[in-house]
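Asker: what's the 3D shape of this:
(2 chains, ligands or ions: 2)
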Amino acid sequence: MTVEENTVLRTEDLRVAFGPIVAVDGVSTTVEKNTFTVLIGPNGCGKSTLLRTAGRLQDPDHGVVLLDGHPIGDLPARQVARRLGLLPQSPQAPDGLTVIDLVSRGRDPHRRWYEQWTDHDEQAVDEALRVTGLTDLAHRPVDRLSGGQRQRAWIAMALAQRTPLLLLDEPTTYLDVVHQLEILELLAGLVRSGRATVLAVLHDLNMAARYADRLIAVRDGRIVATGTPAEVITPPVLARVFDLEAAVVNDPENGRPVVLPRRRAPQ
Amino acid sequence: MRRLVPGVLVLAVAAVLSVLIGSRTLSPATVLDALTGGGDAEAVAVVLEYRLPRTVAGLLGGAALAVAGVVMQGHTRNRLADPGLLGVSAGSAVAVVLAITVFGVATPAGFLPFAFTGAAAGCVLVTVVGMAASRRRDASPATLVLAGAAVSALLGAATGVLLLLDSAALSTYRFWTVGSLAALRGYDTVAVAAPFVLAGLILAAGHARALDVVGLGDDVSRGLGRHPLRTRLTGLCTVTLLVGGAVACCGSLAFVGLVVPNAVRLVTGGTHLPLLGLSAVLGAALTLFADVTGRLLVHPAELPVGVVLSLIGGPVFIALVIRTNRRPA
Ligand SMILES: Nc1ncnc2c1ncn2[C@@H]1O[C@H](COP(=O)(O)OP(=O)(O)OP(=O)(O)O)[C@@H](O)[C@H]1O
Ligand SMILES: [Mg+2]
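Answerer: Ligands and ions are numbered 1, 2, ... in the order given. Predicted structure coming up:
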């Protein structure tokens, strides 16, 4: 069954409710190995809840999450942490914690309490700092960085974990356009070189269209459309997902769709 | 490790001073004679029966409270957390007073279980109150301390009631709530409390890496493969052992767990193993220095070590509150 082997993460009929609010409503989807999958959808549609549930931060009320074919809740926590790295939407570092200390904590799942810090750990941290452009800021406290630098520090922590699967909730929200490109380019590079599978939430549709292999559009806790950017980024889908009236053109360089927003679509 | 050496030297100086200085003036030579078992019988009694156990008790209590402070600050993600300020020590002290006044317990081995039960109850109360307080939208690091102050006041009132029932307990009461090393005689208390404090210190050291991760929040620490609940329970056991043992040694001392970790953090940064190690050493040193100072300030009478610590700790606490509130949490 090569199809099964290629599925890193699968959700089956997931449902998550907070009291009367159903945040995720019967979501079944898959994330294939070495793909860059992006979740899009309006504020409050359940993207973060879906991602958190997939990353076992949230227990579903119904349904199951399978990591490499095993129910994620049955796997030992540390083993999951070696396979799946996770960046929540707005994490907070304690006062005074330096960038390098934060990034080093990404190595925690790889060390038992009696194990020393190894060269391999050191390498993973150095590389994570380098690719996020933080080497020069390594000894600065995280709480004294700009929002974008801080976000890169958290991404670096997730990268230092060196997991084959990365779940990232809005990793580029606070970044300027060049840093957005850099981070997404980096993630896409990890995917292309076969080192990682990425599932991320992005709000910037053009970035999503440019870097994603596959888009999942969510509204009111349900999947409205999935497919390649060309299949999902179309005026009818945008209207259904975001109530957005938009023109879609193609990027002359790579042929990917580009959204030109016009106005809120009449209901 | 490199940073531990000067710390240990400071502690050694504090311990030596604590043995040399007291309400009865003894020359260093006399003390040395007494320590080696010779010389004046009265000096031997003073040094071996009073000063030495008192020094050991201060050392254990100070180390335990400073480490408990680090653990509590890690779990609450709040730099102002301190076993004294948040009512954990008060819980322990009240339980001991209860044991003595109501249940007539007289030996350290007898009241130690009460000290632990009280500390554990204090921990749980702080956790519950802390969780409720942090849900407020205007919650700041000081909110938890305010809630803790309320818990402490409540426990103080409970002790007051006990006191009305038994006025003969007044001196005992003062000893446990203010925190003092003056009444200590012989090694009974120290011998009973030491294993628990040591166990707490070892547990804290084993817990250091978990504390590193806990500080990043529940989501991130679960993402890194930790169990927040299991970690909390370990933390709770650690603090209970440390505070129960410390209160048995020297009563309820505030501020050691606040001042020491916050000062040490400036040197070690936020990684917990060095922070715990150096805090243990300097917590012991601070407590001994404070005790010696108390013996010198109003010589030949004595100020309880708890009072001296509050004189030092109060201003530091105020400075910390002002600093932590200025920056968004
Ligand atoms: N812990 C919670 N308790 C109660 N309701 C929650 C909780 N977390 C999320 N919700 C609700 O669930 C719904 C989905 O929230 P979620 O955070 O998944 O949205 P989102 O798609 O990530 O939005 P955004 O783009 O703003 O990040 C929202 O209505 C939200 O109010
Ligand atoms: Mg979200």
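
Asker: Residues contacting stretch B:105-125, please?
Answerer: Identification of contacts with stretch B:105-125 by CB atoms under 8 Å, 6 or more residues apart in numbering or on different chains yields B:83, B:86-96, B:98-100, B:151, B:155, B:188-189, B:192-193, B:196, B:236, B:239-241, B:243-245, B:247-248. No exception for glycine: its C-beta is placed from N, CA and C like everyone else's.

Asker: Any buried residues in that stretch, and which?
Answerer: For stretch B:105-125, a neighbour-count test (16 or more other CB atoms under 10 Å in any protein chain shown) marks B:105, B:108, B:111-112, B:114-123, B:125 as buried.

Asker: got it, and stretch B:302-319?
Answerer: Buried positions in stretch B:302-319, judged by neighbour count with 16+ other CB under 10 Å: B:302-306, B:308-310, B:312-313, B:317.

Asker: ditto for stretch B:252-270
Answerer: Counting neighbours by 16+ other CB under 10 Å, stretch B:252-270 gives B:252-262, B:264-265, B:268-270 as buried.

Asker: got the CA coordinates for it in CSV?
Answerer: Extracted in CSV, the C-alpha atoms of stretch B:252-270 (Å, rounded to 0.1, in the frame of the first residue of the first chain):
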residue,chain,number,x,y,z
SER,B,252,8.2,30.3,57.9
LEU,B,253,10.8,32.5,56.2
ALA,B,254,9.7,34.8,53.4
PHE,B,255,11.9,36.4,50.7
VAL,B,256,14.7,33.8,50.5
GLY,B,257,12.9,32.1,47.6
LEU,B,258,12.4,35.5,46.0
VAL,B,259,15.6,37.4,46.4
VAL,B,260,18.1,34.6,45.7
PRO,B,261,16.7,33.1,42.5
ASN,B,262,16.1,36.6,41.0
ALA,B,263,19.7,37.6,41.8
VAL,B,264,21.2,34.3,40.6
ARG,B,265,19.2,34.5,37.3
LEU,B,266,21.2,37.6,36.4
VAL,B,267,24.3,35.5,36.4
THR,B,268,23.1,32.1,35.1
GLY,B,269,20.3,33.1,32.7
GLY,B,270,17.2,31.1,32.4
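
Asker: can you tell me if that stretch touches chain A.
Answerer: Yes. Judged by CB under 8 Å from any CB of the partner chain, stretch B:252-270 and chain A are in contact via B:265, B:269-270.

Asker: now that stretch, how far from the chain's geometric center?
Answerer: With CA atoms, centre = their mean, to the nearest Å as the basis, stretch B:252-270 stands 11 Å off its chain's centre.

Asker: Quick check, residue B:96 in contact with residue B:248.
Answerer: Yes. Between residue B:96 and residue B:248 a contact is recorded at 7.4 Å, counting by CB atoms under 8 Å.

Asker: Start and end of stretch A:213-229, how far apart?
Answerer: Terminal residues of stretch A:213-229 are spaced 7 Å apart (CA to CA, to the nearest Å).

Asker: What lies in contact with it?
Answerer: Contacts of stretch A:213-229 (CB under 8 Å, 6+ apart): A:16, A:22-29, A:32, A:35-42, A:45-47, A:49-50, A:191, A:208-210, A:212, A:231-233, A:237, A:240-242, A:256-257.

Asker: That one: which residues count as buried?
Answerer: A:213-219, A:221, A:223-226, A:229.

Asker: In strands, which of the contacts of stretch B:105-125 fall?
Answerer: Using DSSP state E, no member of the contacts of stretch B:105-125 falls within strands.

Asker: Of those, select the buried ones using a PyMOL command.
Answerer: If you want just the buried ones from the contacts of stretch B:105-125 in PyMOL, going by 16+ other CB under 10 Å, the selection is:
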select buried, chain B and resi 83+86+87+88+89+90+91+92+93+94+95+96+98+99+100+151+155+189+192+193+196+236+239+240+241+243+244+245+247+248
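
Asker: residue contacts, the residue of the stretch 51-200 of chain A with the smallest separation from ligand 1?
Answerer: Going by CB to the nearest ligand atom, ligand 1 is nearest to residue A:89 of the stretch 51-200 of chain A, at 5.9 Å. By CB under 8 Å, 6+ apart, the residues touching residue A:89 are A:48, A:169-170, A:201.

Asker: Report the two of those separated the most.
Answerer: The largest separation in the contacts of residue A:89, counting by CB to CB, is between A:48 and A:170 at 8.1 Å.

Asker: now for the strand or helix carrying residue B:159, which elements pack on it?
Answerer: Per DSSP states H and E, residue B:159 falls inside helix B:141-165. Judged by 3 or more CB pairs under 8 Å, 6 or more residues apart in numbering or on different chains; DSSP states H and E, helix B:141-165 is in contact with helix B:88-101, helix B:108-134, helix B:170-178, helix B:305-326.

Asker: and stretch B:207-225, which residues are buried?
Answerer: Going by neighbour count (16+ other CB under 10 Å), the buried part of stretch B:207-225 is B:207-217, B:219-225.

Asker: Does that stretch reach chain A?
Answerer: Yes. Applying CB under 8 Å from any CB, one finds stretch B:207-225 touching chain A at B:209, B:212-213, B:215-217, B:219-220, B:222-225.

Asker: secondary structure element for residue A:27?
Answerer: Residue A:27 belongs to strand A:21-32, assigned by DSSP H and E.

Asker: ditto for residue A:39
Answerer: With secondary structure defined by DSSP H and E, residue A:39 is part of strand A:36-40.

Asker: And residue A:15, by the same measure?
Answerer: strand A:7-18.

Asker: Can you give me the buried ones in that strand?
Answerer: Judged by neighbour count using 16+ other CB under 10 Å, the buried positions of strand A:7-18 are A:7-12, A:14-16.

Asker: Which of those sits closest to ligand 1?
Answerer: For the buried residues of strand A:7-18, the nearest to ligand 1 is residue A:16 (8.0 Å; CB to the nearest ligand atom).
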